[in-house]
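Peer 1: I'll drop the sequence and a predicted model, then ask my questions.
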Amino acid sequence: MASNNVVWIVIAVVVALIVIGALVWVGRKRQVSRRVAKADDIREEVRQDQLKLQHREAVAEETAAKARAAKAEADAKAAEAARLEANAAKHREDATAHREDLDERARHADSLDPRVKDVKEEDRAESVARGDQTGRAEADR
């Protein structure tokens, strides 16, 4: 009987080890399953966040493109304004030169015409009486 008891004890120990091994195996399998599921959840979150990030990047790129277009348009407008100002200055210079030429020609005509001296002297006297600077300048000549 003693050897029979030893056999049963060995069988019981082996069965207990098999049961404990099976429980450990099942526990680890569940743990691995949970870790795989958690990793899958994290990967799904990352994928969703990547989609959001791609959308943000697209919006940022679109905004940057609009900013570049607006800057280019502003630069073009500034160049156009500078060109127009240059044209206006050129026209003013031409008009001033033409005005001076006309004034010079009118003075020359006045210097040739003996009737203008009497009129000019009267105009100068009236201008000086009014305090007109132009009349004073002409009177000083």
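Peer 2: Happy to help now that I have it.

Peer 1: where along this protein do the helices fall?
Peer 2: Counting by DSSP state H, the chain has helices at residues 2-112, 114-130, 133-140.

Peer 1: Check the ones you listed for me: which has the lowest mean pLDDT.
Peer 2: Looking at the helices of the chain, the lowest mean pLDDT belongs to helix 133-140 (a mean of 46).

Peer 1: before we move on, the earlier item: need the helices of the chain in a markdown table (columns: mean neighbour count).
Peer 2: For glycine as for every other residue, the C-beta is placed from the backbone atoms N, C-alpha and C. Putting the helices of the chain into a markdown table (neighbours: other Cβ atoms under 10 Å) gives the following:
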| stretch | mean neighbour count |
| --- | --- |
| helix 2-112 | 10 |
| helix 114-130 | 12 |
| helix 133-140 | 12 |
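
Peer 1: And residue 90, how far from residue 81?
Peer 2: 15 Å (Cβ to Cβ, to the nearest Å).

Peer 1: And for residue 50?
Peer 2: Distance of residue 50 to residue 81, given as Cβ to Cβ: 46 Å.

Peer 1: What of residue 59?
Peer 2: On the measure of Cβ to Cβ, residue 59 and residue 81 end up 32 Å apart.
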